[in-house]
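K.L.:
quick check, what structure comes out for this input:
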Amino acid sequence: MSAARRRNRERLLGGALVLGLVFAQSGCAIPALIGGMTESYRKSSTKTVKPETDVLDGKSFAVLVTADRSIEETAPGISATLVARITQMLADPNNDAGTTGVVPPAMVIQYMYDHPGWRAKSMEDLAKDLGNVQRLVFVEVSEFQTKEPGNRYLYDGVAAGSIAVVEADSKLADFYSFERSILVKYPDQQGFRTEEIPEAAVRTELMRRFVDRATWPFITHQEPYYPKY
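P.N.:
Residues are numbered from 1 along each chain as shown. Have a look, this model is predicted:
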């Protein structure tokens with residue numbers, strides 16, 4: 001072997017040795033680097049979440065919403081808006097709730113308006129009044145506020161309540177076959193003053209988040225890895 005070839009070989013071996021030492025010393029940092037990249041990805045992406053229940057699959061349904069008078073006064077039309085939006089989401093063929101029939105929101109809203117005592121009716125009578133619908137979806141709004149109580153200068157938006165389903169065509173029509181509590185907030189950080197965000201925008205976002213949480217149990221959807229609500 002010539003002297004030149006011998007020197008080239010020694011340089012290659014030396015470089016390989018140095019690289020080996022570098023990787024050996026930094027080996028413990030590689031998992032941390034990968035973990036950091038994964039965490040960064042999760043913070044900016046979503047995951048697919050399957051439905052919790054198929055209670056609406058293959059069934060007709062109607063959505064009814066109840067809210068205290070004080071809530072209706074501070075958020076006019078909240079019940080009618082929720083009836084329309086939740087019905088639309090659950091009836092959308094692009095979603096997989098599997099519903100096969102729906103009582104139009106306008107008909108339900110008119111029924112609620114014409115029968116202010118509808119909450120006292122039996123489930124059987126309610127279902128019959130709404131065209132012998134198979135599933136009754138009840139939404140209750142127990143809290144809806146945009147500002148911190150006693151402080152009209154700072155936002156502290158909260159919307160809370162529940163959603164429940166009655167299998168009106170079964171022998172267990174007097175019991176909920178599915179029920180979930182709902183609690184959403186906005187803004188995500190405290191300290192936003194009323195002059196920084198229009199109150200209508202806060203109310204709209206609270207409504208959107210409430211509808212998401214009300215409908216997500218029934219459909220496949222995308223959720224952030226670290227949900228804000």
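K.L.:
which residue ranges make up the domains of this protein?
P.N.:
Domain segmentation of the chain under automatic domain parsing yields 3-44, 48-224.
K.L.:
could I get these as TSV with mean pLDDT?
P.N.:
Conversion of those to TSV gives the following (pLDDT from 0 to 100):
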stretch	mean pLDDT
domain 3-44	57
domain 48-224	95
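K.L.:
most packed of these?
P.N.:
Of all these, domain 48-224 carries the top mean neighbour count, a mean of 16, counting by mean count of other C-beta atoms under 10 Å. C-beta here means a position set from N, CA and C on the backbone, and glycine is covered the same way.
K.L.:
tell me where the chain has strands.
P.N.:
For the chain, the strands defined by DSSP state E occupy 46-49, 60-67, 101-102, 135-147, 155-167, 176-186, 221-224.
K.L.:
what's the closest of those to residue 92?
P.N.:
Evaluated with C-beta to C-beta, these place strand 101-102 nearest to residue 92, the distance being 10.0 Å.
K.L.:
who's in contact with the closest one?
P.N.:
Around strand 101-102, the neighbours that count as contacts under C-beta atoms under 8 Å, 6 or more residues apart in numbering are 59-62, 87, 90-91, 133-134.
K.L.:
could you rerun that using 10 Å?
P.N.:
The set of residues that contact strand 101-102 without belonging to it, under C-beta atoms under 10 Å, 6 or more residues apart in numbering, is 58-63, 87-88, 90-91, 108, 131, 133-135.
K.L.:
related to what we said a few turns ago, now the strands of the chain as CSV including distance to residue 204?
P.N.:
Putting the strands of the chain into CSV (distance: least, C-beta to C-beta, whole Å) gives the following:
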stretch, distance to residue 204
strand 46-49, 21
strand 60-67, 17
strand 101-102, 24
strand 135-147, 10
strand 155-167, 10
strand 176-186, 9
strand 221-224, 19
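K.L.:
closest to residue 213 out of those?
P.N.:
strand 176-186 (4.7 Å).
K.L.:
the nearest residue to residue 64 once chain neighbours are set aside bridge partners, please.
P.N.:
The shortest distance from residue 64 to any residue that is not its chain neighbour, by C-beta to C-beta, 6 or more residues apart in numbering, is 5.6 Å, and that residue is residue 138. Residues found in beta-bridge contact with residue 138 (criterion: DSSP bridges) are residue 64, residue 164.
K.L.:
mind listing what residue 138 touches?
P.N.:
Neighbour list for residue 138: 62-66, 119, 123, 126, 162-166, 176, 179 [criterion: C-beta under 10 Å, 6+ apart].
K.L.:
what of residue 206?
P.N.:
By C-beta under 10 Å, 6+ apart, the contact set of residue 206 is 75, 78, 144-146, 157-159, 184-187, 229.
K.L.:
apply 6 Å and report the result again.
P.N.:
157, 159, 186 (C-beta atoms under 6 Å, 6 or more residues apart in numbering).
K.L.:
what does residue 167 give?
P.N.:
With contacts defined as C-beta under 6 Å, 6+ apart, the neighbours of residue 167 are residue 177.
K.L.:
thinking again about what came up before, between the contacts of residue 206, which is nearest residue 48?
P.N.:
Among the contacts of residue 206, residue 186 lies closest to residue 48 (C-beta to C-beta), at 24.0 Å.
K.L.:
picking up where we left off before, quick check: which of the strands of the chain is nearest to residue 209?
P.N.:
Distances from residue 209 to each of those were compared using C-beta to C-beta; the minimum, 3.9 Å, belongs to strand 176-186.
K.L.:
for that closest one, packing partners?
P.N.:
For strand 176-186, the elements it packs on are strand 155-167, helix 199-215, judged by 3 or more C-beta pairs under 6 Å, 6 or more residues apart in numbering; DSSP states H and E.
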